[in-house]
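[1] Pasting the sequence and the predicted coordinates here, then a few questions.
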Amino acid sequence: MLGLPLIIKPVHEGSSIGMTKVNNLDELPAAYATAVQCGDAVMAERWITGREFTIVIIDDEAYPVIRLEPADITNFYDFEAKYNRNDTSYYIPCGLSAADEKHLQDLSLAAFRAVDAKGWGRIDAMQDEAGNFWLLEINTVPGMTSHSLVPMAAKARGMDFDALCWHILAQTLE
């Protein structure tokens, strides 16, 4: 049983489009109606309270973990926080211990490999209040906008945006 709160989201969508946090059962029909506008495959997930992270994978290597913190901490890292607001904070280093960051990178690489993903992508994760990590999704075609996370992680590794794009293109053509 998932319990409440939970998150309702479309299966075949990204950028948090169509996602709704449901705090009580009365909110469930509207959340479903929002998600189903993006396609008839809808899922429910347990709501995880804690810190949110993303892990970029390029060439079978996990880049520095990024912690995401929306300014509106009562909400989640939704479409507004990702693309329209400029008050979301991104932390590199992410604030985890070296051991926890390595553990999260290893979990992310294992998930990426488990679905036979190749080249580059991104794993989104949460750390619950007990310190456990939960992998939320694998994004095999992450965004590349001014607010995007792949360029942030690459920059933390010393790779500028142009070099990142050329690198991705070169590996795609191999």
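    Everything's here; your move. This one's a predicted model, so the numbers in the text were calculated from it and none came from an experiment.
[2] tell me the centre residue of this protein?
    D124 (2.9 Å; C-alpha atoms, centre = their mean).
[3] Apart from its chain neighbours, what residue comes closest to it?
    Nearest residue to D124, sequence neighbours excluded (C-beta to C-beta, 6 or more residues apart in numbering): L136, at 4.4 Å. All C-beta spots, glycine's among them, are computed from the backbone N, C-alpha and C.
[4] just checking, that neighbour touches Q127?
    No - using C-beta atoms under 8 Å as the test, L136 is too far from Q127 to be in contact (11.3 Å).
[5] quick one: contacts for the closest residue in space to E45 that isn't next to it in sequence?
    Excluding its sequence neighbours, the residue lying closest to E45 (C-beta to C-beta, 6+ apart) is I7, at 4.9 Å. The contact partners of I7, taken as C-beta atoms under 8 Å, 6 or more residues apart in numbering, are 19-22, 44-47, 76.
[6] mind checking which helix or strand of this protein has the lowest mean pLDDT?
    helix 79 (a mean of 62; mean pLDDT, DSSP states H and E).
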